[in-house]
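[1] For reference, the sequence and a predicted model appear below.
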Amino acid sequence: MVVSRKSIEALSQNIEGIGHWGFREETMKTVHATMAHGDNLEKVTQEMLRSLIPQLAISHSGSVPRKEELFSWMKRIVTRASTDAIYGDDNPFHDPRVEDGFW
């Protein structure tokens, strides 16, 4: 999936009216700072793992296993885990329509 030129232009607008940067530049700075080696990355990684563990648990309750395409399953659990780490309990990506809209 490629981001449209219209979207890039919208993100490049200076929505605060302060300085010469746009929303996209500030977002990238924040993302890079959060994902840089150190305490922030450690916190995000731990939150992702807390979210992933229950999703990876296999139920042995006797129910019939559900078949799902591997890529779709991985995309869903990684999206959920990473957005849980960012949004916490108010994660809008728990709504499948939001997740589908993202992808």
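    Structure's in. What do you need?
[2] which regions of this structure sit below the pLDDT cut-off?
    Filtered on pLDDT under 70, the chain yields the residue ranges 1-3, 11, 14-26, 58-65.
[3] Which helix or strand contains the spatially most central residue of the chain?
    Nearest to the geometric centre of the chain sits Thr83, at 3.8 Å (Cα atoms, centre = their mean). Assigned by DSSP states H and E, Thr83 belongs to helix 70-87.
[4] Show me what counts as buried in that helix.
    Buried residues in helix 70-87, counted by 16 or more other Cβ atoms under 10 Å: 76, 79-85. In short, each C-beta sits where N, CA and C put it, glycine included.
[5] after that helix, next one along is what?
    Using DSSP H and E, the first helix or strand after helix 70-87 is helix 96-102.
[6] what's in contact with that following helix?
    Defining contact as Cβ atoms under 8 Å, 6 or more residues apart in numbering, one finds that helix 96-102 is touched by 76, 79-80, 92-93.
[7] Generate a markdown table for those, with distance to Lys29 as supplementary columns.
    Shown next, in a markdown table, are the contacts of helix 96-102 (distance: Cβ to Cβ, whole Å):
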| residue | distance to Lys29 |
| --- | --- |
| Arg76 | 29 |
| Thr79 | 23 |
| Arg80 | 26 |
| Pro92 | 23 |
| Phe93 | 23 |
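[8] from these, which two are the most distant?
    Distance extremes for these: the farthest pair is Arg76 and Pro92 at 14.5 Å, using Cβ to Cβ.
[9] Closest one of the contacts of helix 96-102 to Ala10?
    Nearest to Ala10 among the contacts of helix 96-102 is Pro92, at 19.5 Å by Cβ to Cβ.
[10] Quick one: neighbours of that closest one, just the number.
    By other Cβ atoms under 10 Å, the residues close to Pro92 number 12.
[11] Look up how far Met28 lies from the closest residue in space to it that isn't next to it in sequence.
    Closest residue to Pro92 apart from its sequence neighbours, by Cβ to Cβ, 6 or more residues apart in numbering: Val98 at 4.7 Å. Val98 sits 22 Å away from Met28, taking Cβ to Cβ, to the nearest Å as the criterion.
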